[in-house]
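Asker: Quick one: sequence and predicted model below, then my questions.
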Amino acid sequence: MRRTLAVGLTLLTVTALATPTTAAPQAAGEKGPKRAALTNFAFLPAETYLPGSEPSGAALGTAPINGVTPPFADQPIQGFSGLVRNGDGTFDAISDNGYGAKANSADFLLRIHRIAPDFAKGTVDVLGGVTLTDPHGHIPFPLTRQDRVITGADLDVESVTRGADGTYWMGDEFGPYLLHFDRAGRLLAPPVPLPGVRAPENPAGNPNLGGSKGFEGITLSPDGKRINALLEGTVAGDAPGTLRLNEFDVASNSFTGKTWRYRLEDPSFAIGDAIAVDANRLLIIERDNGQGAAALVKRVYLADKRDRDRDGELDKTLVADLLDLANPKHVGGQADPFRFPFVTIEDVTILDDRTIAVLNDNNFPSSSGRTPGKPDNNEFITIRLGESLHADPRVLRRR
């Protein structure tokens, strides 16, 4: 059933955002991380559209995809690939390039959505949002639209963080670029390319990074002075399965040249998002490419730049297995253990020192990890970790 939501800017108070649930205890003598637990569950139906918007999905053809027939009369609210926590129980979520490729996403408008989970009802409300634009002509290459509204054929924004001034920084995969937008979604400066790294979609040519392997996770340092930008793919010439974490200086609007290496558990895996815990540690989502019953690895790691074992890579500690979350109280009517079996899980944020929120990118209408043959909803879950993060207090109070 198609669901079209009224869009307003009234902010809602979210109740029970991080209701404590006790994780399953470890067996005597058991080693490894304490098991994380599902604490809340809500979802936005897959067929949720922005009312009064423009048609979309023309390049998908007219054959049904997971039971949904394109094109669409309005813009679908989908593809959540980056999340920012607000101070009132709401969140800002960005949609990525649209339908998975530059060639089929020219009529998908990139947007920041303001969303509010209501865990008492198990629903997610869409309160409003802004569409990304480049009114001052900062993007140096031709855009799809003459009105300089940015589409999924122009950029593929996959990650977001927000400065103290309320402006947004986004990581793109087509450059890869870092992009700076004001609160109204207007681009403030030219895209900043990552020196020495080019994706196949980059107009400069000579790519040395795989397609859709650019900035999948960016996060602001607790002092607000640096952005850490993590690539999803391995740069040609680097060790297979290693990803570059790049430091960006906000004041100078430039990359510093300082990098770290994050090693995937398998070179075929990918990261989904990253968020700072403190000056040295980040939470990073790592995943395989399976969905549903084929999903085997969907994890949240705590990664440490200090490299205490001196192997040249970030140290990693598993803090949540998203395919094995304790759920003895059957939160949201879900099974115990709870599985989050989506091919792309691309949103993580910290709610308190022991609670995180995780969302999937549902790739509407193509992914069907929850129910075969049906498009995935946008699911919003909160997780109580087995141990406290001991996060920088500035991260916990950041708005």
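Answerer: Great, that's in hand.
Asker: following the lowest-mean-pLDDT helix or strand in the chain, which helix or strand shows up next?
Answerer: Least confident helix or strand of the chain, by mean pLDDT, DSSP states H and E, is strand 3-4 with a mean of 44. As assigned by DSSP states H and E, the chain's next helix or strand after strand 3-4 is strand 37-44.
Asker: What is that following strand packed up against?
Answerer: The contact analysis (3 or more Cβ pairs under 8 Å, 6 or more residues apart in numbering; DSSP states H and E) places strand 37-44 against strand 111-118, strand 123-131, strand 378-384. Quick note: C-beta positions are derived from backbone N, CA and C, even for glycine.
Asker: Can you give the distance of it from its chain's centre?
Answerer: Distance of strand 37-44 from its chain centroid, counting by Cα atoms, centre = their mean, to the nearest Å, is 17 Å.
Asker: do the same with stretch 356-372
Answerer: Distance, stretch centre to chain centre, for stretch 356-372: 12 Å (Cα atoms, centre = their mean).
Asker: In the chain, where is pLDDT below threshold?
Answerer: Across the chain, the ranges flagged by pLDDT under 70 are 1-33, 398-399.
Asker: Can you check which of the helices and strands packed on strand 37-44 gets nearest to residue 72?
Answerer: Closest of those to residue 72 is strand 111-118, at 14.5 Å (criterion: Cβ to Cβ).
Asker: List of residues touching that closest one?
Answerer: When contacts are defined by Cβ atoms under 8 Å, 6 or more residues apart in numbering, strand 111-118 is touched by residues 9, 11-12, 14-15, 17, 40, 42, 44, 50, 75, 77, 80, 86, 89-95, 123-132, 160, 168, 185, 380.
Asker: can we see that at 6 Å?
Answerer: By Cβ atoms under 6 Å, 6 or more residues apart in numbering, the residues outside strand 111-118 that reach it are 12, 14, 42, 77, 90-95, 124-131, 380.
Asker: what do you get for stretch 143-152?
Answerer: Here stretch 143-152 makes contact (Cβ under 6 Å, 6+ apart) with 97-98, 105-106, 108-110, 132-135, 153-154.
Asker: Kindly reformat these as JSON lines containing secondary structure and neighbour count.
Answerer: Below are those laid out as JSON lines (DSSP: H, G, I helix; E, B strand; the rest coil; neighbours: other Cβ atoms under 10 Å):
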{"residue": "97", "secondary structure": "coil", "neighbour count": "27"}
{"residue": "98", "secondary structure": "coil", "neighbour count": "28"}
{"residue": "105", "secondary structure": "coil", "neighbour count": "26"}
{"residue": "106", "secondary structure": "coil", "neighbour count": "17"}
{"residue": "108", "secondary structure": "coil", "neighbour count": "26"}
{"residue": "109", "secondary structure": "strand", "neighbour count": "21"}
{"residue": "110", "secondary structure": "coil", "neighbour count": "26"}
{"residue": "132", "secondary structure": "coil", "neighbour count": "25"}
{"residue": "133", "secondary structure": "strand", "neighbour count": "19"}
{"residue": "134", "secondary structure": "coil", "neighbour count": "23"}
{"residue": "135", "secondary structure": "coil", "neighbour count": "12"}
{"residue": "153", "secondary structure": "coil", "neighbour count": "22"}
{"residue": "154", "secondary structure": "coil", "neighbour count": "25"}
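Asker: Can you tell me which of those residues is closest to residue 358?
Answerer: Nearest member of the contacts of stretch 143-152 to residue 358, counting by Cβ to Cβ, is residue 97, at 21.2 Å.
Asker: Pretty sure the closest one sits against residue 156.
Answerer: Yes. With contact defined as Cβ atoms under 6 Å, residue 97 reaches residue 156; the gap is 3.7 Å.
Asker: which one is residue 364 nearest to, not counting chain neighbours?
Answerer: Spatial nearest neighbour of residue 364, chain neighbours left out: residue 78 (3.6 Å); criterion: Cβ to Cβ, 6 or more residues apart in numbering.
Asker: on that earlier part again, figure out which of the helices and strands packed on strand 37-44 is closest to residue 291.
Answerer: Nearest to residue 291 among the helices and strands packed on strand 37-44 is strand 378-384 (12.8 Å), distances taken as Cβ to Cβ.
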